[in-house]
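Enquirer: model the structure of this input:
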Amino acid sequence: MCGIAGWIDRTRDVSTMAATAEAVCRTLACRGPDGSGTYLTRAAALVHRRLAVVDPEGGQQPMQRQVGGNRYVITYNGELYNTGELRRDLEARGWTFATHCDTIE
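Expert: Numbers count the residues shown, from 1 in each chain. Below you'll find the predicted structure:
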């Protein structure tokens, strides 16, 4: 099972708290021994520890996608059991994918 954590703070610059985010991530190591990731902005921090089930090389989180002028970031714990069906439907609508994991990027 993966481990996730994060926080939002609009009163101070969260991007300066990398050491805190990494410490939080280390405490989750037992939840995800296969990888880790951190995403920091001025207002938000996301951390992720990964237990790889599908696509060990391609499913690193937090995942980011740029669409137009907007950046979207996701980190989650779980498995989509109908990933193939969703992928086929979205590909038919013109979406492209960077990985084969169940966190569709």
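
Enquirer: could you pull out the strands in this protein for me?
Expert: Along the chain, counting by DSSP state E, strands occupy 3-8, 35-40, 44-50, 63-67, 70-74.

Enquirer: and those, which is most packed in?
Expert: strand 44-50 (a mean of 23; mean count of other CB atoms under 10 Å). For glycine as for every other residue, the C-beta is placed from the backbone atoms N, C-alpha and C.

Enquirer: need the helix or strand of the chain with the lowest average pLDDT.
Expert: None of the helices or strands of the chain scores lower by mean pLDDT, DSSP states H and E than strand 63-67, at a mean of 86.

Enquirer: now the angle from that one to strand 70-74?
Expert: If you take axes from the mean of the first three to the mean of the last three CA atoms, to 10 degrees, strand 63-67 sits at 160 degrees to strand 70-74.

Enquirer: centroid-nearest residue for the protein?
Expert: P62 (2.2 Å; CA atoms, centre = their mean).

Enquirer: other SSEs contacting the least confident helix or strand of the chain?
Expert: strand 70-74 (3 or more CB pairs under 8 Å, 6 or more residues apart in numbering; DSSP states H and E).

Enquirer: pairing partners for the strand it packs on, with directions?
Expert: Applying DSSP bridges, strand 70-74 is found paired with strand 63-67 (antiparallel).
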